[in-house]
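Enquirer: Kindly generate the corresponding structure for this input.
(2 chains)
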Amino acid sequence: AQRVTQPEKLLSVFKGAPVELKCNYSYSGSPELFWYVQYSRQRLQLLLRHISRESIKGFTADLNKGETSFHLKKPFAQEEDSAMYYCALSPGNNFNKFYFGSGTKLNVKP
Amino acid sequence: DVKVTQSSRYLVKRTGEKVFLECVQDMDHENMFWYRQDPGLGLRLIYFSYDVKMKEKGDIPEGYSVSREKKERFSLILESASTNQTSMYLCASTPTGSGEQYFGPGTRLTVT
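Expert: Numbers count the residues shown, from 1 in each chain, chains lettered A, B, ... in the order given. As a prediction, the model looks like this:
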């Protein structure tokens, strides 16, 4: 069963424009949600997690349990934000299992 | 600096060969994972291990097996490689209770 859905394979925006990468999940219970990012020729790395409620590199993500969504947002995109973004879910607080979405490639044009 | 290393960046194998992919982490993490990463499919969990000699199947374990004899090392084994196992393989580790996965650089495996 698809647990994490990222509907957009590719998202292109101009520098300075707002960006929103969509993530919807299906899971009964209270999962932990994450955004991971992979820049060109770099390793996949954690961008942010919902329980920390922080803003990393200007990105924020709010967990909406009613809509089962965890969209990633940034008010003003920068060229260096161009990367592959993956939404991920962990079913419990043991964090010994993770489910990733199919990823969204963000392209920020100059 | 946390470190997850994978034995090869690129690997080319023939159909039917037995293939070993090695992953080593130096962070004393309990949990280790093997994923395959394919365009349009994202990361799919093959196997994970939460302790030495312990393993659990992920979403796509068919055609794969794993070994964890030491805490720092988690091996992925393709018993008889097939062309549909051509992919990027990512190893990751995480300490118990933490949601941050640390990924290796990946091994791009081509099966011809």
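
Enquirer: Going by C-alpha atoms from here, please, whenever you check contacts or count neighbours.
Expert: OK.

Enquirer: Closest residue of chain A to chain B?
Expert: Chain B sits closest to residue A:102 of chain A, with a gap of 3.6 Å, by CA to the nearest CA.

Enquirer: Mind listing residues that contact stretch A:32-50?
Expert: A:51, A:54-56, A:60-63, A:70, A:72, A:82-93, B:100-106 (CA atoms under 8 Å, 6 or more residues apart in numbering or on different chains).

Enquirer: Quick check on these: which are buried?
Expert: Buried members of the contacts of stretch A:32-50, scored by 16 or more other CA atoms under 10 Å in any protein chain shown, are A:60-63, A:70, A:72, A:82-91, B:100-106.

Enquirer: rewinding a little: name the nearest residue to the residue of chain A closest to chain B, ignoring sequence neighbours.
Expert: Of all residues not flanking residue A:102 in the chain, residue B:42 sits nearest, at 3.6 Å (CA to CA, 6 or more residues apart in numbering or on different chains).

Enquirer: residues near the one you found, how many?
Expert: Residues near residue B:42, counting by other CA atoms under 10 Å in any protein chain shown, number 21.

Enquirer: which residues touch it?
Expert: For residue B:42, the contact set (CA under 8 Å, 6+ apart) comprises A:86, A:100-103.

Enquirer: Mind doing that once more with 7 Å?
Expert: Going by CA atoms under 7 Å, 6 or more residues apart in numbering or on different chains, residue B:42 touches A:100-103.

Enquirer: Equivalent analysis for residue A:74, please.
Expert: Residue A:74 makes contact with A:18-20, A:58-60, according to CA under 7 Å, 6+ apart.
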